[in-house]
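Asks: have a look at this fold, sequence not included:
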Ligand code: PBG
């Protein structure tokens, strides 16, 4: 069908203007979600191991950063709590304490920066002493599904009461979306959205995040393979997403991002539904490590990596580089 020399593909690449006219994917500030860590100390921790450039904020500082993000045009932030080890327990009771750190943080941001969307995880790992996303069955090391789901419902309700706009179950229990939707609706939170981490793989790319929230140190291994998906599989993506949409999810998340672009593509081709993707901590860490060594150019590589998500079909991307990328986008326009 296409034959040289009738077809010369380079003709369409010959100048910037024609490349721009024929470009298929666009990355804009509208696509970015900025993840932030909050702790209950007064001071801000300057650096986070494994996530160069990221900080762990006090609530006051978090509010200023949320304001800065909004000023830059970012539509939403995802807040993750770094919980004091004394408040962690086997059964994660702190997760649904209405006065816990994340609820206070959400409340403070909503009060001062009401225009920015707030996303918060529904999962027990920041609150359990063992670091799992759910409750353990007796002395066994497996996570109990249905009892976990009841606790997740209480956690989601506490987040909604604090003013959270989007609750994001990232726990991978079966049936939690329907139960959380019902709990929210029964309590007059029909307008709180559910972003389901429907497709969350059991990945080693979460290591820096786990170190920060204290669920596991990188040299240790925490096995979440009885609930997070097996990365050798693609087909169960369809089933996971279909079930969560049927149960009432508003938005679907795929995670991690870069090694899973095929999954993003499948999901966006198959479902007429917004697909979000998470460029997780280990992906950001790899890019930072290489760029801090001068081996890669940070601005160019981070931009290219995120355009890749868009090309695969993601509508929005959670990335630790969100603020950096807004600045890159601004300089591109001029
Ligand atoms: C908790 C959760 C994890 C991440 C987001 N929510 C870690 C995990 O499942 O162990 C990882 C995010 C990142 O690595 O940036 N359920």
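Replies: Arrived safely, thanks for sending. Owing to the predicted nature of the structure, the values given are computational and were not obtained by experimental measurement. Residues are numbered from 1 along each chain as shown.
Asks: please count neighbours and contacts with C-alpha atoms only from this point.
Replies: OK.
Asks: give me the low-pLDDT residue ranges for the stretch 1-150 of the chain?
Replies: Low-confidence segments of the stretch 1-150 of the chain (pLDDT under 70): 46, 139-140.
Asks: show me which residues of it sit near the ligand.
Replies: 123, 125, 133 (C-alpha under 6 Å from any ligand atom).
Asks: and of the residues you listed, the nearest to residue 208?
Replies: residue 125 (14.1 Å; C-alpha to C-alpha).
Asks: can you give me the neighbour number for residue 86?
Replies: 8 (other C-alpha atoms under 10 Å).
Asks: does it count as helix, strand or coil?
Replies: Secondary structure, DSSP: H, G, I helix; E, B strand; the rest coil: residue 86 is helix.
Asks: before we move on, the earlier item: select only the buried ones of the residues of the stretch 1-150 of the chain next to the ligand in ChimeraX?
Replies: In ChimeraX, this line selects whichever of those come out buried by 16 or more other C-alpha atoms under 10 Å:
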select :123,125,133
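Asks: let's see which of the residues of the stretch 1-150 of the chain next to the ligand end up in helices.
Replies: Among those, no member falls in helices (DSSP state H).
Asks: tell me the contacts of the closest residue to residue 124 other than its chain neighbours?
Replies: Computed as C-alpha to C-alpha, 6 or more residues apart in numbering, the closest residue to residue 124 that is not its neighbour in sequence is residue 133, at 4.4 Å. Contact partners of residue 133, counting by C-alpha atoms under 8 Å, 6 or more residues apart in numbering, are 123, 124, 125, 143, 171.
Asks: ok, those vs residue 24, which is closest?
Replies: residue 171 (34.1 Å).
Asks: how many other residues sit next to that closest one?
Replies: 25.
Asks: ok, for it, nearest residue in space, not its chain neighbours?
Replies: Residue 171's closest residue in space is residue 123 (C-alpha to C-alpha, 6+ apart), at 4.8 Å.
Asks: for residue 204, same thing?
Replies: Per C-alpha to C-alpha, 6+ apart, closest to residue 204 is residue 282, 7.8 Å.
Asks: pLDDT on the helix or strand harbouring the one you found, on average?
Replies: Counting by DSSP states H and E, the element that carries residue 282 is helix 281-292. Average pLDDT, helix 281-292: 97.
Asks: so which bits of it are buried?
Replies: For helix 281-292, by 16+ other C-alpha under 10 Å, it's 281, 282, 283, 284, 285, 287, 288, 289, 291.
Asks: now the stretch 101-250 of the chain against the ligand: closest residue?
Replies: residue 206 (3.4 Å; C-alpha to the nearest ligand atom).
Asks: for that residue, what are its contacts?
Replies: 280, 281, 282.
Asks: next one: residue 288
Replies: Taking C-alpha under 8 Å, 6+ apart, one finds 51, 52, 298 in contact with residue 288.
Asks: returning to what we had before: how close does the residue nearest to residue 124 sit to residue 153?
Replies: Per C-alpha to C-alpha, to the nearest Å, residue 133 is found 13 Å from residue 153.
Asks: write out the residues of the stretch 201-334 of the chain neighbouring the ligand.
Replies: The stretch 201-334 of the chain has residues 206, 209, 210, 280, 281 near the ligand, with proximity defined as C-alpha under 6 Å from any ligand atom.
Asks: now the second one: how far from residue 77?
Replies: Going back to what we said before, that points to residue 209. When residue 209 is compared with residue 77 (using C-alpha to C-alpha), they lie 16 Å apart.
Asks: do the same with residue 18
Replies: 35 Å.
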